[in-house]
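Participant: Only the shape, not the letters, is given here:
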């Protein structure tokens, strides 16, 4: 299965701390994307990293990709209460649709 | 501009009844995807449409599930003879690059289906 697996399943931190979430997958990919979901409804795209990239930044987000280990990490710096959500990684290979992991539930306590 | 919309937002139905869920993708997006998300779980791929190509139905869990798309616009997901295990949020997404999975997907708010 190509499915990504996020780790940890749940994470609780204080506001201002950094949050790190990891994703592992099993097959070769073209790119890996991270999404955020509030309240179990629609997902919002956060960032895409291609298989030939190793690191990417967007605002307070930093994503790394290690294709040799088939893993990625999402770092949210200086977390805020509004960052509380579930975060999913999704992988793409060729013409196949995105395959999503089960997500990490992040709670940021004010 | 308008995003992906889905209707209804919530649907409660009795076991054995048929339901239709609707998705209006972003105008101009050639790819459309349906996912199912059970409580506390990740997204489960159901089906995707890419332009005029035959849809990828590999994720449909049973023959009770079917979907149609009119051109590059509205899509309808139909669940026949609903079962309690069909209870979930059904999410629709569209993207501007067909089938590649490279571009980001834009998600609708989902339809929460409850089968009693």
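Facilitator: Ah, there it is. Predicted model, so just to flag it, every value in this text is computed and none were measured.

Participant: make it CA atoms for all contacts and neighbour counts henceforth
Facilitator: OK.

Participant: contacting residues for residue 7?
Facilitator: In the absence of a named chain, chain A is used. A:21-23, A:103-104 (C-alpha atoms under 8 Å, 6 or more residues apart in numbering or on different chains).

Participant: wait, I meant chain B there
Facilitator: B:21-23, B:110-111.

Participant: just those residues now: which is nearest residue B:103?
Facilitator: Top of the list for closeness to residue B:103, among these and by C-alpha to C-alpha, is residue B:23 at 19.4 Å.

Participant: burial count for the closest one?
Facilitator: Neighbour count for residue B:23, taken as other C-alpha atoms under 10 Å in any protein chain shown: 27.

Participant: before we move on, back to that, got a ChimeraX select line for the buried ones in the contacts of residue A:7?
Facilitator: Selection of buried members from the contacts of residue A:7 for ChimeraX, criterion 16 or more other C-alpha atoms under 10 Å in any protein chain shown:
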select /A:21,22,23,103,104
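
Participant: out of the contacts of residue A:7, who's near chain B?
Facilitator: The residues of the contacts of residue A:7 that also fall near chain B, by C-alpha under 8 Å from any C-alpha of the partner chain, are residue A:103.

Participant: Out of the contacts of residue A:7, which comes closest to chain B?
Facilitator: Nearest to chain B among the contacts of residue A:7: residue A:103, at 6.1 Å, using C-alpha to the nearest C-alpha.

Participant: any idea how far residue A:37 is from the closest one?
Facilitator: For residue A:103, the distance to residue A:37 equals 9 Å [C-alpha to C-alpha, to the nearest Å].
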